[in-house]
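Engineer: Please work out how this folds:
(one chain, ligands or ions: 1)
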Amino acid sequence: MALKQLTYQDVAEHNTKKDLYVVIHDQIYDVTKFVDEHPGGEEVMLDVAGQDATEAFEDVGHSDEARETLGPLKVGELKRNPGDPKPKTPVPGAVAPAANNDSAGFGVGLYIILAIGGAAAYFAYQYLEQQKAAQSA
Ligand code: HEM
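Structural biologist: Predicted structure coming up:
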């Protein structure tokens, strides 16, 4: 069967147990026949019926076997319209570098504080030495 291009609106029409589509990573799956066999139960599947289930699916940490089960259930691809919700798929590396930048920012800040503290201590020492020299002169 040729793959269909469906919009969120099209997918949303398949939201009953007898006619059940979900979107995972922008792929559309017809899980009508699978819902009764789902080891996680039908309830969770009905919760995301006709919607983007990417987050729910990934949060569970489904096995490779579960991912393979998806293959034959695929009926189409999501066609995004302007104004549709953004993809739930996290952009690889989007979070990690931001976290790194934060810690790098702190690291640089720390160096600056140490450098200023060091300079202040140096000048204080110089000043005291001068005072001592002036007194003994
Ligand atoms: C639509 C495609 C889905 C497929 C093909 C699928 C398949 C599976 C499979 C094979 C398992 C057994 C454990 C494993 O192999 O990882 C499982 C478990 C589970 N699934 Fe799904 N699943 C789907 C969607 C979802 C969704 C949308 C949810 C929403 C929360 C969900 C929730 C769960 C939970 C909670 C378990 C754990 C059950 C347990 O360990 O008692 N699944 N699923």
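
Engineer: When you work out contacts or count neighbours from here on, use the C-alpha atoms and nothing else.
Structural biologist: Will do.

Engineer: Output the longest helix belonging to this protein.
Structural biologist: Counting residues, the longest helix found in the chain (DSSP state H) is helix 96-136.

Engineer: Check the offset of that helix from the chain's centre.
Structural biologist: How far helix 96-136 lies from its chain's middle: 38 Å, per Cα atoms, centre = their mean, to the nearest Å.

Engineer: again, but for stretch 52-70
Structural biologist: Distance, stretch centre to chain centre, for stretch 52-70: 15 Å (Cα atoms, centre = their mean).

Engineer: in the protein, which helix or strand is least confident?
Structural biologist: helix 96-136 (a mean of 74; mean pLDDT, DSSP states H and E).

Engineer: How is the protein divided into domains?
Structural biologist: Structural domains annotated on the chain: 4-78, 91-137, as defined by automatic domain parsing.

Engineer: Give me whichever of these is most buried.
Structural biologist: Ranked by average neighbour count under the criterion mean count of other Cα atoms under 10 Å, those are headed by domain 4-78 at a mean of 16.

Engineer: wait, what's in contact with the closest residue to Asp26 other than its chain neighbours?
Structural biologist: Counting by Cα to Cα, 6 or more residues apart in numbering, Asp26 lies nearest to Leu78, which is 5.2 Å off, once chain neighbours are set aside. Applying Cα atoms under 8 Å, 6 or more residues apart in numbering, we find Leu78 in contact with 5-8, 23, 26-28.
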